[in-house]
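K.L.:
no FASTA, just this:
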């Protein structure tokens, strides 16, 4: 029995002896108590993250909305839309009945409205490596990210992206979440979670955690992906400002 398995067994037995319930979430609590990772230290993760941030070539240049390629104002709806009809729309709304808010007289504002309202899949892969649970994260670049790259779930993609409306490549590892029954994975969490209603209209995402079978090889497709422990993720959130993406924090909250 590995050191991790032995400690987990003692922990669960201790809970039972103290009269606490033991369920499928008990191990997640144990994982967050100590760093059992055999894939690198916390400092290794921080160094990996900053190497990728500093190597990023992604740049942003502010341009008029009227110059956005493939985006235009739909004269019939008054919305800013993509030529594919996918992704999201920029819509104007007038809000009334706001007695519980700071501006009691109401206000007007633009909203981003996801096509179909359902945003996409936020998926995290878990696998036991030499008996120790690890989580596959990506230092994902998004143009609006603080620091450009954020430590993100294994998959963070809208359904428009998953359906390749952008005409780009398929999202890495998305098959494990779209067709889990066809792969050596067990679904541990599958739940719709809401988004910020102050800017995004009625948007929700499908948050998932799947466990890849121990002993099966899951190839890392690029240096942007890394195996980390749950303890390390929590330490990164607590001790390092704004390097862990909100979507991965949302998945962890369900454990």
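P.N.:
Nice, thanks for sending it over. Nothing here was measured: the structure is a model prediction, and the numbers come from that model.
K.L.:
make it CA atoms for all contacts and neighbour counts henceforth
P.N.:
OK.
K.L.:
okay, strands next: where are they in the chain?
P.N.:
Counting by DSSP state E, residue ranges of the strands within the chain are 71-74, 79-82, 88-95, 107-114, 118-129, 132-141, 149-152, 155-158, 185-194, 204-212, 225-228.
K.L.:
closest one to residue 60 among those strands?
P.N.:
Ranking the strands of the chain by their distance to residue 60 (criterion: Cα to Cα) puts strand 132-141 first, at 12.1 Å.
K.L.:
quick check: buried residues in the closest one?
P.N.:
By neighbour count, and taking 16 or more other Cα atoms under 10 Å as the criterion, the buried residues in strand 132-141 are 132-141.
K.L.:
which stretch among the strands of the chain comes nearest residue 18?
P.N.:
When the strands of the chain are compared by Cα to Cα, strand 132-141 sits nearest residue 18, at 25.2 Å.
K.L.:
quick one: strands adjacent to that closest one?
P.N.:
Applying DSSP bridges to the sheet, strand 132-141 is found paired with strand 118-129 (antiparallel), strand 149-152 (antiparallel), strand 225-228 (antiparallel).
K.L.:
buried deepest among those, which one?
P.N.:
strand 149-152 (a mean of 24; mean count of other Cα atoms under 10 Å).
K.L.:
any idea how far it is from the middle of the chain?
P.N.:
Computed by Cα atoms, centre = their mean, to the nearest Å, the chain-centroid distance of strand 149-152 equals 9 Å.
K.L.:
again with stretch 175-190
P.N.:
Distance, centroid of stretch 175-190 to centroid of chain: 16 Å (Cα atoms, centre = their mean).
K.L.:
just stretch 214-225 next, same as before
P.N.:
When distances are taken as Cα atoms, centre = their mean, stretch 214-225 is centred 18 Å away from the chain's centroid.
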